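**Student:** Just need the structure, nothing else, for what follows:
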Amino acid sequence: MGGVPPVPPTPPTLALDIGGTSLRAALVQGTQVRERRQAPTPHPATPDAVLAAAADLARPLTGQASGLGVACAGALHGGVVLSTSEHIFPGWAGTPLAERLSAELGLPAAVLNDARAAAWGEARLGSGQGVREFMFVTVSTGIGAGLVLDGRLHQAGNGLDAELGLTLAPRAAPASGLRFLEREASGRALDEQARALGFAGSRELCDAAETGHPQAQAAHSRSAFLLAWKLADVGALLGVTRVALGGSVGLRPGYREQVEWALSEMPTRHTPEVVPAALGADAGLIGAALWAREQRA
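**Tutor:** Below you'll find the model as predicted:
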């Protein structure tokens, strides 16, 4: 019998996550991430070394893919790296990331900052669904973020789209003055405070805080308060109504509860709802793949 032939499934998109510690590649369809591959990031992490390693990692997956989505640390615009942390990615400014990886892998490429990629994944397929003004924040080694405003991913020409970690916060007493929020409230900051208190690192400090250790609680609560303060500012400035927390610290229920408690002490009119990121560690891969697919549509 005749009939309408079945529509073939859309080929997966190849997603590549370029981080300071590791490189990850996978095939992505919707929220399904499969055929994962991972390798350590070369050191020193120069553009030539990292891009060669990333291409080698991803190349076995290209035959099944229709396009390439790349999530990478640093300030990016138009597929070009504007700036990176020199101690992590030295000499990357001006690197045409999309062009080089597209040439290496033979696929059309779209590139986003890693936190912005995660924000887009969460906005479209995770915890940000149904919200027009949304923010994703990762609290891990550093503090990264991505903004979705009026349902669209915010991208600034200078690459500073939602650099929450680079906003200013007061130093802990007895020091004075201001410095970047991520120097005061990130996992790296908690690592420093943990060692000063005799803990191995931020994970152990958070564990101790959640079981009532007073000094650990003080450090834990201060980090959450500083983050909540900035989230309330974002709510007042941009009308963000929901924030998804990700990252090794941000995904801890105890940390999120501290952020929620701190927000409850602030004016309610502009304090956003805080929820866990639904896509977990795959948010960047999923968001990069989704972005790349949409750019080709």
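**Student:** Can you list the buried residues in the longest helix along the chain?
**Tutor:** Ranked by number of residues, the top helix in the chain under DSSP state H is helix 214-238. Neighbour counts over helix 214-238 (16 or more other CB atoms under 10 Å) mark 215-217, 219-232, 234-235, 238 as buried. C-beta: built from backbone N, CA, C; applies to glycine.
**Student:** following that helix, which helix or strand shows up next?
**Tutor:** With elements assigned by DSSP states H and E, the helix or strand that comes after helix 214-238 is strand 242-246.
**Student:** how big is the angle separating the longest helix of the chain from strand 242-246?
**Tutor:** Orientation check (axes from the mean of the first three to the mean of the last three CA atoms, to 10 degrees): helix 214-238 against strand 242-246 gives 140 degrees.
**Student:** same for helix 214-238, what does it pack against?
**Tutor:** The contact analysis (3 or more CB pairs under 8 Å, 6 or more residues apart in numbering; DSSP states H and E) places helix 214-238 against strand 134-139, strand 143-149, strand 168-170, helix 181-185, helix 187-196, helix 202-210, helix 253-264.
**Student:** Show me the residue at the heart of the chain, geometrically.
**Tutor:** With distances taken as CA atoms, centre = their mean, Ala115 lies nearest the centre of the chain, 2.6 Å away.
**Student:** Quick check: the residue lying closest to it once chain neighbours are set aside vs Arg37, distance?
**Tutor:** Distances taken as CB to CB, 6 or more residues apart in numbering place Gly144 nearest to Ala115, at 3.3 Å, with adjacent residues excluded. Separation of Gly144 from Arg37 (CB to CB, to the nearest Å): 23 Å.
**Student:** Counting neighbours, go ahead and name the busier of the two.
**Tutor:** Gly144 (27 against 16; other CB atoms under 10 Å).
**Student:** ok, what's across the strand from that one?
**Tutor:** Counting by DSSP bridges, Gly144 is bridged to Thr138.
**Student:** That one against Asp114, yeah?
**Tutor:** Yes. Taking contacts as CB atoms under 8 Å, Gly144 lies within contact range of Asp114: 6.8 Å.
**Student:** one step back: need the winner for burial among the helices and strands packed on helix 214-238.
**Tutor:** Compared across those, strand 134-139 shows the largest average neighbour count, a mean of 30 (mean count of other CB atoms under 10 Å).
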